[in-house]
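>>> Predicted model follows, preceded by the sequence.
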Amino acid sequence: MDKEAQIIRTEYSDLMKKSYIDYAMSVIISRALPDVRDGLKPVQRRTLYDMHELGIRYDRPYRKCARIVGDTMGKYHPHGDSSIYEALVVMAQEFKKGIVLVDGHGNFGSIEGDGAAAMRYTEARLTKFTQEVCLADLDKNVIDFGPNFDETEKEPLVLPVRVPNLLVNGAEGIAVGMATSIPTHNLGEVIDAVKAYMKNNAISTRQLMRYVKGPDFPTGGIVVNKDDLTDIYETGQGKIKLRGRVEVEELKGQKKQLVITEIPYTMIGTGIGKFLNDVAGLVESKKTTDIVDISNQSSKEGIRIVLELKRGADAENLKNMLYKKTRLEDTFGVNMLAVADGKPETLSLKKIIEHHVDFQFELTTRKYTTLLTKEREKSEVQEGLIKACDVIDLIIEILRGSKSVKDARACLVDGVTDNIRFKSSISRKMAALLRFTDRQATAILEMRLYRLIGLEIEALQKEHEETLKNIARYEDILNNYDSMAGVIMEELDSYKKEYARKRRTAIENAEEAVFEEKKIEEQEVVFLMDRFGYAKTVDPSVYERNKEAADSENKYVLHCMNTGRLCIFTDTGKMHQIKAADLPHGKFRDKGMPVDNVSNYSSSGEQIIMVCDAEQMRFAKLLFATAQGMVKKVDGTEFQVSKRTIAATKLQEGDALVSVLVVNENQNIVLRTRNGYFLRFPASEVPVKKKAAVGVRGIRLQKKDELEKVYLFEEGTETKVRYGEKEVTLNRLKVAKRDGMGTKSR
């Protein structure tokens, strides 16, 4: 009989909450955050272990990355090949890691943001550092293994890394609701700090920082807020200010050039291209006129970005300008979050070292426990063989008189002589006294005859003495804290001697970069913008000489000051501001710059309705009209704001702004719809509203009709406009009231 199905009644929100927490913890522990013990995320750990299992050692040939990725994905990490390959690439990039863990062969990307080649083209193998420092002693039961995702393989829960890799190589990762960002550090300094902690576990963070001066980024650079580092390392959180290294080189003819030889770590990737664009932007916008040429001469040998200066330029002021106006000075946010004791925790410098030292004692204890067990087994066998050599004639007699191995073993272990034929009763009595262990008996039975040579027996005795010394040494290490600490520190010294390198990042307290901008001489200019959104400014004299062409080729032409701001109103009801100084100023035939580049305006999602000078707008009232026929007047002072973008008006759903015009009380307003309805009424009938108001209805629209155009004209002036093929004289239209239906053009 089938069992009845059970229906579990539960609160849906509780179920969702539990499921989300389970998912979040899975991402945190099993994907995004490194373990404090080995400093590795699961994907990195699995990739390195798989390379070890495949035998891709540092002294063996490279293997295709596709093979490594496929094997790792199939055995240990079923989350897609791109994540595995990306982790493999990062572990091979010298500009991202303090010490690379993978030796890459082929195109593994560049510091300038070029991606690695596809994994079918690249090859890799483990580095000597990884092999000796991260993967040694896996055969000595130093770590625990667990089942893989389908329980067909065993994978390490942590790798036996012998240095604080979390500090040496840093970490970056985004989990659910939390993120980690740990800078890289100098291996030699970190090892010295670990030794200092082992000698005095009451050492303070400030004292540890005598050894760990601060971060040591592979890209070099300068940390300029040294005084903040103590607080960062005590709390595990904070902001590090980084600067690139800029050198001044003298050229012929009293010229100079600025050469950037080191960049902030945060500029790795597209940051260099962005920096070059920012410098070009400073030149184009006339923030500086001292930079003559920019060239990126970086190569495999290192970073070299050259800024050629004009004669007499203030190099120091320009250096400060680069720090102030570009990402050559940047902030690295520190959040030393890692998995400790199975849960995420923000760790201080001392806490990371404490966890590492505890892990090293655990590794060393397990290693020497395994070695001691093996040496004791070895000693047992050696003692049996030495003892056997003393009674070898009796043993040979036992072996020759036995009918089976079982009988011989029983005699050697328990003295059972029943089924053995002896030459004399004395031999039988002596054999009955034998008491070898099982392991010794096996060794005796497997012993080769050459071991009976005199020199071999002497070698066996010397080997036994060496084994006894090892046993005594291992017991001392396991039973004496100082002895174990000595072994760990001795290993650390050997790693420091072989793998440590000089510090790359300088640590200092630097003054805030002060850049004195050259004051722009205030003058009148003419703003020109064509129908494609390309804008520029020209001198009034240039405009006057080309007035006819300027007016016909440009959609917007207005006079303003070069120190002023221009307001752009769009159909989405927004107002974007741009500085006149940000636009290129020069010749009439210069192309100009898209206004997208100097404002928040997006040509793909918005359409420009009107452009006006912010200063002139201050003393005016603006008439707003929308496609749904809503109108209002707004005082120009409401648009005197510092923000680059604001909501200029409130729009109803499905509505769009169609017109913004400067209006005065003596004018007449004519609203024209798409279907040809015209409505004329005095401007005084439109109330003044706040910019956040919708406004009032200006014209009653027919079905499927919308307001398309707004005209203004003074009373007594003849104003003609075209609608289709017809010409309409506005001042001959009948004066009506606002909110009327208007008259259809005939």
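Thanks, I have it.

>>> Go ahead and confirm Lys378 touches Thr467.
Yes - counting by Cβ atoms under 8 Å, Lys378 touches Thr467, with 5.3 Å between them. Where C-beta positions appear, they are placed from N, C-alpha and C, glycine not excepted.

>>> ok, the two, which is more surrounded?
Thr467 (20 against 17; other Cβ atoms under 10 Å).

>>> so what's the more buried one up against?
Listed by Cβ atoms under 8 Å, 6 or more residues apart in numbering, the contact partners of Thr467 are Glu375, Lys378, Ser379, Gln382.

>>> redo that, cut-off 6 Å
Glu375, Lys378, Ser379 (Cβ atoms under 6 Å, 6 or more residues apart in numbering).

>>> so how far is whichever helix or strand the second one is part of off the chain centroid?
When elements are defined using DSSP states H and E, Lys378 is found to belong to helix 349-390. Between the mean C-alpha point of helix 349-390 and the mean C-alpha point of its chain there is a distance of 41 Å (Cα atoms, centre = their mean, to the nearest Å).

>>> and if you look at stretch 204-220?
For stretch 204-220, the distance to the chain centre is 21 Å (Cα atoms, centre = their mean).

>>> Between its first and last residues, how far does that stretch reach?
One end of stretch 204-220 sits 27 Å from the other (Cα to Cα, to the nearest Å).

>>> Counting by contacts, list what the helix holding Lys378 packs against.
Applying 3 or more Cβ pairs under 6 Å, 6 or more residues apart in numbering; DSSP states H and E, one finds that helix 349-390 makes contact with helix 187-199, helix 205-208, helix 438-446, helix 454-479, helix 481-499.

>>> Tell me the first helix or strand C-terminal of the shortest one.
Proceeding N to C from helix 205-208, the next assigned helix or strand is strand 222-223, under DSSP H and E.

>>> Name the surrounding residues that touch that next one.
Gly214, Ile240, Arg243, Ala506, Ile507.

>>> Let me have these in TSV, extended by neighbour count and distance to Gly39.
Output for these, formatted as TSV (neighbours: other Cβ atoms under 10 Å; distance: Cβ to Cβ, whole Å):
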residue	neighbour count	distance to Gly39
Gly214	24	18
Ile240	25	19
Arg243	22	27
Ala506	18	25
Ile507	17	22
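
>>> Which of those residues fall within strands?
Ile240, Arg243, Ala506, Ile507 (DSSP state E).

>>> Quick check: the first one touching Phe332?
Think Ile240. Yes - in this structure Ile240 lies within contact range of Phe332 using Cβ atoms under 6 Å: 4.4 Å.

>>> Report the rounded mean pLDDT for stretch 241-252.
Stretch 241-252 shows an average pLDDT of 90 in the prediction.

>>> Just the endpoints, please. Distance across it?
35 Å.

>>> Buried residues, that stretch. List them.
Under the neighbour-count criterion of 16 or more other Cβ atoms under 10 Å, stretch 241-252 has Lys241, Leu242, Arg243, Gly244, Arg245, Val246 buried.

>>> tell me the phi and psi of the last one?
Taking degrees, to the nearest 10, you get phi -120, psi 130 for the backbone angles of Val246.

>>> Specify the beta-bridge partners of it.
Beta-bridge pairing of Val246 under DSSP bridges involves Ile260.

>>> distance of it from Pro264?
In this view, Val246 and Pro264 are 12 Å apart by Cβ to Cβ, to the nearest Å.

>>> do the same with the third one
For Arg243, the distance to Pro264 under the criterion Cβ to Cβ works out to 7 Å.

>>> before we move on, what about the second one?
Applying Cβ to Cβ, one obtains 4 Å for the distance of Leu242 from Pro264.

>>> returning to that earlier point: out of the contacts of Thr467, which comes closest to Leu159?
Glu375 (25.5 Å; Cβ to Cβ).

>>> Please verify my assumption that that closest one contacts Ile471.
Yes - the criterion here is Cβ under 6 Å, and Glu375 meets it with Ile471 at 5.0 Å.

>>> These two: which is more packed in?
With neighbours defined as other Cβ under 10 Å, Glu375 and Ile471 compare such that Glu375 has more, 22 against 16.

>>> Now do the buried residues in stretch 631-645.
Buried, per 16+ other Cβ under 10 Å, within stretch 631-645: Val631, Lys632, Lys633, Val634, Asp635, Gly636, Glu638, Phe639.

>>> What is the nearest of the contacts of strand 222-223 to Leu349?
Gly214 (10.3 Å).

>>> Give me the pLDDT for the closest residue to that closest one other than its chain neighbours.
The spatial neighbour of Gly214 that comes closest, neighbours along the chain excluded (Cβ to Cβ, 6 or more residues apart in numbering), is Ile507 at 4.3 Å. At Ile507, the model reports a pLDDT of 95.

>>> Identify the residues contacting Ile507.
So Ile507 contacts Lys213, Gly214, Val223, Lys226 (Cβ under 6 Å, 6+ apart).

>>> For it, list each beta-bridge partner.
Val223.

>>> which residues sit against the lowest-mean-pLDDT helix or strand in the chain?
With mean pLDDT, DSSP states H and E as the measure, the helix or strand of the chain carrying the lowest mean pLDDT is helix 12-27 (a mean of 75). Residues outside helix 12-27 that contact it (Cβ under 6 Å, 6+ apart) are Ala175, Val176.
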